[in-house]
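Undergrad: below are the sequence and a predicted model; questions follow.
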Amino acid sequence: MTVRTIPAQNSRFKIGWLTLLVSAALMTLGHLSMIFAMNEPTLFIGHTAFNLLAFLIILIPFRQGKKWAWIATWILPVVLVLTASFVPEIVPYYLGMAAVCGLGLLLTMRDFFSQR
């Protein structure tokens, strides 16, 4: 079985991919710490699991150039924006992370959808 990778990944792809990877890792660690620091551990367990799943998708299939992984990763900034719209105290953090994730996705878009 061969693994198809994006040929000659350029620096734009690598920057976008690393941005997404680091963002997902930081959000996973942040929500993991909130399990023990806040009164609503169940909520943060769900967010931790969601961010860990996003991290793993970005780490493996996204890097391999799977189009479904690029599309699925858009769930990350969408959920951040939706969560921020319901909890005003976290709006700057979540909208900022959504913007960073969206930028990372846009930086990698050409590599996923260009004609090879």
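TA: Yes, it's here.

Undergrad: helices or strands up against the host helix or strand of residue 22?
TA: For residue 22, the host element (DSSP states H and E) is helix 11-37. Where contact means 3 or more CB pairs under 8 Å, 6 or more residues apart in numbering; DSSP states H and E, helix 11-37 is packed against helix 41-57, helix 75-86, helix 91-113. The C-beta positions use only the backbone N, C-alpha and C, and glycine is treated the same way.

Undergrad: in that helix, what's buried?
TA: Residues 13, 16-17, 19-21, 23-25, 27-28, 31-32, 34 are the ones in helix 11-37 that count as buried (16 or more other CB atoms under 10 Å).

Undergrad: okay if I get the helices and strands packed on helix 11-37 as CSV plus mean neighbour count and mean pLDDT?
TA: Below are the helices and strands packed on helix 11-37 laid out as CSV (neighbours: other CB atoms under 10 Å; pLDDT from 0 to 100):
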stretch, mean neighbour count, mean pLDDT
helix 41-57, 17, 94
helix 75-86, 16, 94
helix 91-113, 17, 95
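
Undergrad: among those helices, which is nearest residue 68?
TA: For those, proximity to residue 68 was assessed by CB to CB; helix 41-57 is nearest, at 9.1 Å.

Undergrad: report the angle between that closest one and helix 11-37.
TA: Orientation check (axes from the mean of the first three to the mean of the last three CA atoms, to 10 degrees): helix 41-57 against helix 11-37 gives 160 degrees.

Undergrad: in terms of secondary structure, what does the helix or strand following helix 41-57 contact?
TA: Where DSSP H and E defines the elements, the next helix or strand beyond helix 41-57 is helix 67-73. Packing contacts for helix 67-73, counted by 3+ CB pairs under 8 Å, 6+ apart, involve helix 41-57, helix 91-113.

Undergrad: just put the buried residues of helix 11-37 in CSV and tack on pLDDT and distance to residue 54.
TA: What follows is the buried residues of helix 11-37, written out as CSV (pLDDT from 0 to 100; distance: CB to CB, whole Å):
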residue, pLDDT, distance to residue 54
13, 95, 18
16, 97, 14
17, 97, 13
19, 97, 13
20, 97, 8
21, 97, 10
23, 97, 9
24, 97, 5
25, 98, 10
27, 96, 8
28, 97, 8
31, 94, 11
32, 95, 14
34, 93, 17
